[in-house]
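J.: Kindly generate the corresponding structure for this input.
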Amino acid sequence: MFSHSFFRIVLASVVFSLVLAFASVVFGGEVTFWTQETEKERMEIIRALAEEFMSKNPDIKINVVPVEENDIPTKLGAAKAAGNPPDIVELGLAPATGYASEGLLDIAMTTEVIQNLGEETFSPAALALLRSVQGEGYIAIPLDAWIQLIYYRKDLFDQAGLGAPDTWDGLEKAAKALNTPPKRFGIAMGSHPEKLFTQQGFEFIALSNGARIFNPQGELVVNSPEMEEALEWYAMMIREYGPPGYLDWRETNQYYLTDRVATAVYSSYLLGDIAGVRDREWAPIEGLPSKTGIVAKLNGPKLSGTYGEMYTLAILKGANPETKQWAEFLMSDGYVRWLFMAVYGKAPVRVSAIDQWKEHEILKLYDPQAIENLLEGINSFRRWGYFEGISFPVIEKIYNLYLFPKAVDKVRTKEWSSSQAVKWLEDEIRKLLEE
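T.: Alright, predicted model coming up:
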């Protein structure tokens, strides 16, 4: 026989459960959003977006948490262990792919968001990079992107009778013709053996020669004539026509802004510095935006190459259902304001936002054709380790170990031949694949 106290406990439990269920319906849930936009001005914009969303959806609370990009893996692991992971995280392409391969992302909810917004409203290149390896759905929502560009001084090119440096031959010819050290050098691009900036610059060049780490069948193809040629040419350019010493983003930025170099390989973020929107220890020369041309698609010996980085909204498994509404808001009502936080480095991956994006006052400083070139790159950029429906998570380890920047340096100093470099790369990557 059950006692009356037992039935009271059961009844109380049922009532409590009903109250919780009712509260979840009436008051909704909380959505925790981790963003890499940690700067004060950007956080103010994101929090204002959250306030607007909550005013329209009073039953949902948005918690905005700034987290430095490099801290996300550690903090996410700790949050999961503590039982309070975020619902949605702003992630780059490589970590998003890595977390998806570990089964941590909600592909179903993500795909529903993209379909609700309209797949046709996104850049096909962006969606292709995020297609699930199972071939159904998407691992994350494309958010924004920057593209690798060749910046060149149109005024100097015109004086020298040079065309836009959109081919290997054209870029080499210009770098040679305008290389007048110590006043001005021909080209500035990443050369530091332990910096991602060098990886980004070299991968851009290598893609334009058809050089890959893997083929679509997953076979390691890094030891190839195309990779040898790319290493040899990149190393020659920085050795013969670049400034002395190692160059990271900071040095490359300074050389271009202060009229010390005629061409530079840098991301679209440099557009902001050329326009003088950020305080640097060095200021851009007068009228630099109107003197600057850009190339996004480099025509190499084998094919055309574009390179970029895309950021995403990654929804974690176990996320509150309301996360979907917040993601859709950010990608619709809040999207242009999100892009305008750093318009020069946040290009739209939703085609529906392009016209508004192009009207920003900073972009208006540049030749309209330059901005069209940038958008062309956004709509066609590629990356090593990613094909439609296929990704190779080992790519993140390759980047973190700076294998290609180290190879570039060895070839630049002539310590290794390019054939020795690609053989070393092949051996090192095989070791990673066997781990």
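J.: Which elements pack onto the helix or strand containing residue 309?
T.: In the assignment (DSSP states H and E), residue 309 maps to strand 308-315. Helices and strands touching strand 308-315, by 3 or more CB pairs under 8 Å, 6 or more residues apart in numbering; DSSP states H and E, are strand 88-92, helix 93-101, helix 107-117, strand 141-153, helix 323-330. C-betas here are computed from N, CA, C, even on glycine.
J.: Make a markdown table out of those and add mean pLDDT and mean neighbour count.
T.: Shown next, in a markdown table, are the helices and strands packed on strand 308-315 (pLDDT from 0 to 100; neighbours: other CB atoms under 10 Å):
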| stretch | mean pLDDT | mean neighbour count |
| --- | --- | --- |
| strand 88-92 | 96 | 25 |
| helix 93-101 | 86 | 22 |
| helix 107-117 | 97 | 18 |
| strand 141-153 | 96 | 26 |
| helix 323-330 | 98 | 22 |
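J.: what's the closest of those to residue 433?
T.: When the helices and strands packed on strand 308-315 are ranked by proximity to residue 433, the top entry is helix 93-101, at 14.0 Å, counting by CB to CB.
J.: outside of the closest one, which residues touch it?
T.: With contact meaning CB atoms under 8 Å, 6 or more residues apart in numbering, helix 93-101 is reached by 72-73, 91, 105, 107, 129-130, 132-133, 139-140, 309-312, 314, 316, 383, 385-386, 391, 393, 395-396, 399.
J.: Which residues are in contact with residue 305?
T.: 204, 205, 206, 207, 208, 209, 297, 298, 299, 382.
J.: Try it again at 6 Å.
T.: By CB atoms under 6 Å, 6 or more residues apart in numbering, the contact list for residue 305 reads 207, 208, 298.
J.: Now it: phi and psi?
T.: phi -120, psi 140 (degrees, to the nearest 10).
J.: pLDDT at the residue nearest to the spatial centre of the chain, what is it?
T.: Centroid-nearest residue in the chain: residue 309, 2.3 Å away (criterion: CA atoms, centre = their mean). pLDDT, residue 309: 90.
J.: which non-adjacent residue is nearest it?
T.: residue 146 (5.6 Å; CB to CB, 6 or more residues apart in numbering).
J.: isn't the one you found right up against residue 270?
T.: No. Proximity of residue 146 to residue 270 does not meet the contact threshold set by CB atoms under 6 Å, at 9.8 Å.
J.: Pull up the pairing partners for the strand holding residue 309, direction included.
T.: strand 88-92 (antiparallel), strand 141-153 (antiparallel) (DSSP bridges).
J.: With distance to residue 50 as added columns, please give those strands in JSON lines.
T.: Output for the strands paired with strand 308-315, formatted as JSON lines (distance: least, CB to CB, whole Å):
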{"stretch": "strand 88-92", "distance to residue 50": "12"}
{"stretch": "strand 141-153", "distance to residue 50": "16"}
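J.: Please name whichever of those strands is nearest to residue 331.
T.: Nearest to residue 331, of the strands paired with strand 308-315 and by CB to CB, is strand 141-153 at 6.6 Å.
J.: The helix or strand following that closest one: which residues count as buried?
T.: Per DSSP H and E, the first helix or strand lying C-terminal to strand 141-153 is helix 154-160. Buried positions in helix 154-160, judged by neighbour count with 16 or more other CB atoms under 10 Å: 154, 156, 157.
J.: what would those residues look like in JSON lines with pLDDT?
T.: Below are these laid out as JSON lines (pLDDT from 0 to 100):
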{"residue": "154", "pLDDT": "97"}
{"residue": "156", "pLDDT": "98"}
{"residue": "157", "pLDDT": "98"}
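J.: Return the closest of the residues you listed with respect to residue 183.
T.: residue 156 (11.8 Å).
J.: Once you drop chain neighbours, what's closest to the closest one?
T.: Nearest residue to residue 156, sequence neighbours excluded (CB to CB, 6+ apart): residue 262, at 5.3 Å.
J.: got a list of what the one you found touches?
T.: Counting by CB under 6 Å, 6+ apart, residue 262 touches 153, 156, 178, 186.
J.: Skipping adjacent residues, who's closest to the third one in space?
T.: Ranked by CB to CB, 6+ apart and with sequence neighbours excluded, the top spatial neighbour of residue 178 is residue 262, at 3.7 Å.
J.: Model confidence for that neighbour, exactly?
T.: On the pLDDT scale, residue 262 is placed at 98.
J.: I'd assumed it was in a strand, is it?
T.: Yes. Per DSSP: H, G, I helix; E, B strand; the rest coil, residue 262 lies within a strand segment.
J.: how far away is it from residue 236?
T.: Computed as CB to CB, to the nearest Å, the residue 262 to residue 236 distance reads 17 Å.
J.: Leaving out sequence neighbours, find the closest residue to residue 277.
T.: Among residues not flanking residue 277 along the chain, residue 362 sits closest, at 6.3 Å (CB to CB, 6+ apart).
J.: so residue 294, which of the three states?
T.: In three-state terms, and counting by three-state DSSP, residue 294 is strand.
J.: so what's it up against?
T.: Residues in contact with residue 294, defined by CB under 6 Å, 6+ apart, are 149, 151, 370, 373.
J.: do that again at 7 Å, thanks
T.: Residues counted as contacts of residue 294 (CB atoms under 7 Å, 6 or more residues apart in numbering) are 149, 150, 151, 370, 373, 374.
J.: so what's the residue nearest to residue 277 up against?
T.: The contact partners of residue 362, taken as CB under 7 Å, 6+ apart, are 272, 275, 277, 343, 344.
J.: burial measure for residue 365, as a count.
T.: Taking other CB atoms under 10 Å as the neighbour definition, residue 365 ends up with a count of 19.
J.: again with residue 318
T.: The tally of other residues near residue 318 (other CB under 10 Å) stands at 10.
J.: pLDDT score for residue 23?
T.: Residue 23 is assigned 38 on the pLDDT scale.
J.: for residue 164, same thing?
T.: 96.
J.: Wait, it touches residue 293, no?
T.: Yes. Counting by CB atoms under 7 Å, residue 164 sits close enough to residue 293 to count as a contact (6.1 Å).
J.: between the two, which one's more packed in?
T.: Neighbours were tallied for residue 164 and for residue 293 using other CB under 10 Å; the higher tally belongs to residue 293 (22 against 17).
J.: Just the pLDDT for that one.
T.: pLDDT for residue 293: 94.
J.: need the contact list for the nearest residue to it once chain neighbours are set aside.
T.: Once flanking residues are discounted, residue 293 sits nearest to residue 154: 4.3 Å by CB to CB, 6+ apart. Applying CB under 7 Å, 6+ apart to residue 154 gives the contacts 291, 292, 293.
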